[in-house]
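Asks: Here is a sequence together with a model predicted from it:
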Amino acid sequence: MANLIDGKQISANVKEQVRIETEQLKEKYGIQPALAVVIVGNDPASRVYVNNKKKACEYIGIRSLSYELPGATTQEELLQLIEKLNQREDVDGILVQLPLPSHMNEDLVIQTISPKKDVDGFHPESVGNLSIGRKGFVSCTPAGIIELLKRSKVPMDGANCVILGRSNIVGKPMGMLMLRENATVTICHSHTKNLKKIAKSADILIVALGQPKMVTADYVKEGAVVIDVGIHRMEDQKLCGDVDYDQVEPIASAITPVPGGVGPMTIAMLMKNVVEAKEK
Ligand code: GUN
């Protein structure tokens with residue numbers, strides 16, 4: 001039986017710390033962090049995520065400014081809004097929810113956000129800082145996974161860490177963070193040969209493939225720690241991850257559930273980044 005890595009509880013602990021920090025900023029200096037949340041179009045999943053982020057702001061004591069733009073907004077209009085938010089001294093963090101409509105250049109939009117307000121950690125400057133070990137904002141999902149592992153006392157130094165997935169948001173920054181923790185890192189992707197064999201060599205297996213229940217028992221070494229980043233709604237309306245939980249749980253030494261694993265940590269780390277942006 002694996003230990004359950006309880007993301008709901010751990011994220012509540014992180015949020016409580018950030019809430020207290022925010023309260024102290026207000027008491028000592030009379031300042032309140034503010035996050036601008038921008039969403040373009042009507043993607044239902046994005047709307048849920050954005051609402052959850054706004055709710056978390058309210059709980060922490062962060063002021064949230066909401067910009068809900070129609071799907072037909074031009075790229076120029078979005079860039080102008082970002083420029084305006086970059087200039088505003090009363091805005092500490094800017095979050096543009098992805099994906100954007102197909103007529104927009106996501107890279108250009110991300111690049112336009114000031115690195116000082118890049119609480120998502122997606123700006124090339126933030127990514128560069130992470131890759132050469134400098135301070136800076138780090139993408140919230142991988143940062144949340146490090147927090148889960150640390151607070152669950154999973155040893156990372158010298159561990160064999162295999163990451164399935166090479167996205168800019170999760171896989172690549174996850175690799176950088178794991179290197180920072182002195183793990184030996186392998187990043188696998190759709191062209192990787194012998195995927196099962198490599199996955200099975202992992203002490204820590206991080207799965208961010210976007211394929212429901214793809215990781216079955218034969219991908220996992222006895223006693224491995226398994227982190228599941230995926231979230232999918234199945235036909236029966238139940239949520240599942242990229243890992244076949246029922247198969248893998250008896251083999252792993254520790255595992256994150258879906259829901260209630262990695263997901264809640266992403267928002268907690270975003271809140272942490274916003275307060276940090278204010279402190280900076
Ligand atoms: N879409 C999916 N995940 C994220 C995220 O972490 N930040 C933003 N801005 N958009 C996303």
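Replies: Yep, it's here.
Asks: any idea of the mean pLDDT in the helix or strand where Val48 lies?
Replies: Secondary structure from DSSP states H and E places Val48 in helix 44-60. For helix 44-60, mean pLDDT rounds to 95.
Asks: Just the buried positions in it, please.
Replies: Ser46, Tyr49, Val50, Lys53, Lys54, Ala56, Cys57, Ile60 (16 or more other C-beta atoms under 10 Å). Backbone N, C-alpha and C define where each C-beta goes, glycine included.
Asks: and the first one, what does it touch?
Replies: To tie it back to what came earlier, the one meant is Ser46. By C-beta atoms under 8 Å, 6 or more residues apart in numbering, the contact list for Ser46 reads Ile39, Gln97, Leu98, Pro99.
Asks: could you redo the last one with a cut-off of 10 Å?
Replies: Contacts for Ser46 (C-beta atoms under 10 Å, 6 or more residues apart in numbering) come out as Ile39, Val40, Gln97, Leu98, Pro99, Leu100.
Asks: that's a helix at Pro264, yeah?
Replies: Yes - membership of Pro264 in a helix is supported by DSSP: H, G, I helix; E, B strand; the rest coil.
Asks: Check the gap between it and Ile187 for me.
Replies: Separation of Pro264 from Ile187 (C-beta to C-beta, to the nearest Å): 25 Å.
Asks: These two: which is more packed in?
Replies: Using other C-beta atoms under 10 Å, the more surrounded residue of Pro264 and Ile187 is Pro264, with 23 against 18.
Asks: residues contacting the more buried one?
Replies: Going by C-beta under 10 Å, 6+ apart, Pro264 touches 6-12, 14-15, 52, 56, 144, 148.
Asks: Which of those are buried? Put it as a ChimeraX command.
Replies: Of the contacts of Pro264, the buried ones go into a single ChimeraX selection, burial set by 16+ other C-beta under 10 Å:
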select :6,7,10,11,14,15,56,144,148
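Asks: Just the ones of the contacts of Pro264 in helices?
Replies: Gly7, Lys8, Gln9, Ile10, Ser11, Ala12, Val14, Lys15, Asn52, Ala56, Gly144, Leu148 (DSSP state H).
Asks: Farthest pair within the residues you listed?
Replies: Asn52 and Leu148 (18.0 Å; C-beta to C-beta).
Asks: still on that earlier bit, list just the nearest of the ones in helices among the contacts of Pro264 to the ligand.
Replies: Gly144 (9.8 Å; C-beta to the nearest ligand atom).
Asks: Which residues are in contact with the residue in the chain that the ligand sits nearest to?
Replies: Closest to the ligand within the chain is Leu98: 3.7 Å, counting by C-beta to the nearest ligand atom. Taking C-beta under 10 Å, 6+ apart, we find Leu98 in contact with Ile39, Val40, Asp43, Ser46, Tyr49, Glu106, Val109, Ile110, Asp120, Phe122, Ile169.
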